[in-house]
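Trainee: Pasting the sequence and the predicted model now:
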Amino acid sequence: MVTAADKVLATFGPDLGHVIAPPQGLVIASRSMVAHDMVSLAWLILHWRQSPWINKQALSDPSSSKIVANLANRVVAGMLGGWKWSFSAEGIKHSPQPDIWRDRTLQRAFQLMGGVPNIQLQPTQPSLFPQTLAELAELVALPAATRAA
């Protein structure tokens, strides 16, 4: 799986929100879909932190409202699975800050794929900012408390 990321939709989505064009793009390539998604989410988190709404009112980003997020989830569930699914859709737990280790989809993928993949970031260009690589590596590293368990 390969993804080229030179812009990040850091708020709301899927087609509306604040777009960040980082000074340096990123190509993510992996044989593991789970590892790929972890790095993709880490890339999003790095840029989400730079969004102008982070330190402003919670409702400036509609997805930060639990009511709006759950309503949108029910509408999408109804469109994809039929309207009976909209009434039984699981609620979305609001997280004030995205976190790879609390992401429900990744948690389920870890269960299905036999655990958390060992991610080794390999820069293909010497121009990749060392700070960016270090921040990505920190975000995808298994938390120390989990490693000790």
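Mentor: Done, it's in.
Trainee: List the buried residues for the helix or strand encompassing residue 110?
Mentor: Using DSSP states H and E, residue 110 maps to helix 104-112. Judged by neighbour count using 16 or more other Cβ atoms under 10 Å, the buried positions of helix 104-112 are 106, 109, 110. For the C-beta atoms, the positions are set from N, CA and C on the backbone; glycine is no exception.
Trainee: and the second one, what does it touch?
Mentor: When you say that, I think you mean residue 109. Shown in contact with residue 109 (Cβ atoms under 8 Å, 6 or more residues apart in numbering): 33, 34, 37.
Trainee: Return the distance of it relative to residue 37.
Mentor: 7 Å (Cβ to Cβ, to the nearest Å).
Trainee: re the thing from before, the contacts of residue 109, buried ones only, as a PyMOL selection?
Mentor: Applying 16+ other Cβ under 10 Å to the contacts of residue 109 leaves a buried subset, and the PyMOL line that selects it is:
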select buried, resi 34+37
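Trainee: Can you list which of the contacts of residue 109 are found in helices?
Mentor: Counting by DSSP state H, the members of the contacts of residue 109 that fall within helices are 33, 34, 37.
Trainee: between those, which is closest to residue 21?
Mentor: Taking Cβ to Cβ as the measure, residue 21 sits nearest to residue 37 out of the ones in helices among the contacts of residue 109, at 22.1 Å.
Trainee: Pull the number of nearby residues for the nearest residue to residue 87 once chain neighbours are set aside.
Mentor: Among residues not flanking residue 87 along the chain, residue 74 sits closest, at 7.5 Å (Cβ to Cβ, 6 or more residues apart in numbering). By other Cβ atoms under 10 Å, the residues close to residue 74 number 19.
Trainee: Residue 74 is in what secondary structure piece?
Mentor: For residue 74, the host element (DSSP H and E) is helix 66-81.
Trainee: All good on my end, thank you.
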